[in-house]
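> 3D, please:
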Amino acid sequence: MVIGITGEIGAGKSTLAAIFKDWGARLISGDEIGWELLRQEEPTYRLLLERYGRDILNAEGDIDRRKLGEIVFSSPVETRKFNGLVHPELLRRLKRRIEETKRTSSLVVVDAALIVEWGMTGEFDKLIVVIADEDRRIDRLKRSWQLNDEVLKDRFRAQLPREEKIKCADWVIENNGDLRELKDEAEKIWRELSKWRERRS
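Okay, the predicted model is just below:
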């Protein structure tokens with residue numbers, strides 16, 4: 001069984017995915033695969049250098065994600081160009097990892113922000129969409145990413161509207177509370193998943 005977790009930036013989808021991992025699910029992170037593609041030995045690293053130049057590198061020659069993000073999210077055109085360079089290989093690796101993990105695990109959770117945008121909803125048995133109020137998301141991201149409000153709002157605008165994601169969801173979690181409240185919502189879904197898996201077996 002493969003469960004997708006997606007949603008708005010800063011809504012807490014990765015926190016939810018980590019909860020399921022603690023409870024025994026195998027976790028695949030789209031963001032971790034994205035990090036892999038930025039390593040210096042990767043072909044994607046060279047593609048990004050050709051597109052954006054060495055200004056996106058730090059002193060060690062690694063891609064500085066903050067610098068890259070400022071360019072990528074500066075306009076819809078730049079976002080599309082970046083996606084065209086990175087997403088084909090990211091999706092190839094993600095799909096391969098899902099297939100590999102399914103062979104050894106009865107429950108696989110995929111944490112990825114762009115599941116709906118990628119047209120991948122058909123790859124999952126169930127889809128969870130995590131949303132939260134904009135102010136709450138900004139507050140969370142300012143603490144973890146240390147970006148200002150305007151930069152964060154540029155990133156919000158680059159995502160598909162929440163209504164489009166919700167249309168594809170089996171469950172929607174509105175995560176405006178604390179970790180305990182999120183765990184309570186996770187427990188409800190976990191129980192439903194357990195029942196559904198029992199019926200299938």
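> C-alpha from now on. contacts and neighbour counts both.
Noted.
> chain center to the least confident helix or strand in the chain by mean pLDDT, what's the gap?
Every helix and strand of the chain was ranked by mean pLDDT, DSSP states H and E. The lowest is helix 149-157, at a mean of 75. Chain-centre distance of helix 149-157: 16 Å, with CA atoms, centre = their mean, to the nearest Å.
> list the buried residues in that helix.
For helix 149-157, the neighbour count (16 or more other CA atoms under 10 Å) marks Leu152, Asp154, Arg155, Phe156 as buried.
> and for the third one, nearest residue in space, chain neighbours not counted?
Okay, so that is Arg155. Residue nearest to Arg155 in three dimensions, not counting chain neighbours: Phe73, with 5.9 Å by CA to CA, 6 or more residues apart in numbering.
> go on, the second one?
Leaving aside its chain neighbours, Asp154 sits nearest to Phe73 (6.1 Å; criterion: CA to CA, 6+ apart).
> what's near enough to touch the one you found?
Applying CA atoms under 8 Å, 6 or more residues apart in numbering to Phe73 gives the contacts Thr79, Asp154, Arg155, Ala158.
> what number of residues lie near the last one?
Around Ala158 there are 16 other residues, counting by other CA atoms under 10 Å.
> if I look at it, how far off is Gly69?
Ala158 sits 11 Å away from Gly69, going by CA to CA, to the nearest Å.
> what do you get for the first one?
With distances defined as CA to CA, the gap from Thr79 to Gly69 amounts to 9 Å.
> tell me which stretches of this structure form helices.
Using DSSP state H, the helices of the chain run over 13-22, 30-37, 43-52, 65-72, 76-102, 134-145, 149-157, 162-166, 179-200.
> out of these, which gets the lowest mean score?
Lowest mean pLDDT within those: helix 149-157, at a mean of 75.
> for that helix, packing partners?
Contacts defined by 3 or more CA pairs under 8 Å, 6 or more residues apart in numbering; DSSP states H and E place helix 149-157 against helix 134-145.
> can we see that at 10 Å?
Packed against helix 149-157 by the contact rule (3 or more CA pairs under 10 Å, 6 or more residues apart in numbering; DSSP states H and E) you find helix 65-72, helix 76-102, helix 134-145.
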